[in-house]
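> heads up, no residue letters with this:
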């Protein structure tokens, strides 16, 4: 959880953060969207919770600083949804204010129960995000997916959106999600996956790779246990082998090193977390042998 993480990484960041100029010059690791070949940095920003409330000017300042820093360091993907409170409007306002829309990949979702409601929600997303074209819209948690995909494909054909996808964040949906992945042509699927939550690696991730679908990972820090379990513990020696200086980077590098994963979207609402998380998009990634050691380590703490 973000609240736990604040306690764990503040000291490490002070010592480990790259100077702004040096970090900005170091290219981020990218992976392609299979359907197009477009390359995206392997770390993006998720906006659930931390962008949900309409902030005051004082509360908006750290969010503005977060997006500014993210753009400066070469970040692109910002993932949001209508169900995240005011997040679409907050992102749209800040992106417009910072004048950084051309450098970003904006993704949102549709979660509605009818074609009419879906179209209305999507039109509202365009307005809130202050953009004429949205890079990706995904059907949120399979909700009314047949109707919503038909709408999205029409918008993609018309050039209003660039990619179409579907999301889940619950293993209770994996069977239905897998069935849809086998039947549908999707550019991107989004699923929960973390060092301590590896269920989607059994079938969802391999299927996405086989079907030529990009994978975005939500909840890449799991649901709180990872930071709690490693609180106060020094990094293992093997962390140096993958150029990690914080636990957050360890957890993220595990996720994005999976061959099927294109991008992880951890929540970020402060510039210091941008510095930390984007460190996972630089340097070496773990190979299969080290990934196994990482799994054994976390299973034992």
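Done, it's in. Since this is a predicted model, take the numbers as computed values, not measurements.
> May I see the buried residues of stretch 274-289?
274-282, 285-286 (16 or more other CB atoms under 10 Å). Where you see a C-beta, it was placed from the backbone N, CA and C, and this is true even at glycine.
> for stretch 154-162, same thing?
Of the residues in stretch 154-162, 155-156, 160-162 count as buried by neighbour count, 16+ other CB under 10 Å.
> ok, so of those, who is nearest residue 34?
residue 162 (14.1 Å; CB to CB).
> Once you drop chain neighbours, what's closest to the closest one?
Among residues not flanking residue 162 along the chain, residue 135 sits closest, at 4.9 Å (CB to CB, 6 or more residues apart in numbering).
> Just the pLDDT for that neighbour.
Residue 135 carries a pLDDT value of 99.
> same deal with residue 55?
Reported pLDDT for residue 55: 84.
> which SS class is it?
coil (DSSP: H, G, I helix; E, B strand; the rest coil).
> Would you mind confirming that it makes contact with residue 63?
Yes: with contact defined as CB atoms under 8 Å, residue 55 reaches residue 63; the gap is 6.6 Å.
> what's the overlap in contacts for those two?
In terms of CB atoms under 8 Å, 6 or more residues apart in numbering, residue 55 and residue 63 are both contacted by the residues residue 90.
> quick revisit: the buried residues of stretch 154-162 into CSV, with extra columns for secondary structure, distance to residue 125 and pLDDT?
What follows is the buried residues of stretch 154-162, written out as CSV (DSSP: H, G, I helix; E, B strand; the rest coil; distance: CB to CB, whole Å; pLDDT from 0 to 100):
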residue, secondary structure, distance to residue 125, pLDDT
155, helix, 11, 98
156, helix, 15, 98
160, coil, 11, 98
161, strand, 10, 98
162, strand, 14, 98
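> And the strands in the stretch 151-300 of the chain?
Ranges of strands within the stretch 151-300 of the chain are 161-167, 188-192, 214-218, 261-264, based on DSSP state E, counting those that start in this stretch.
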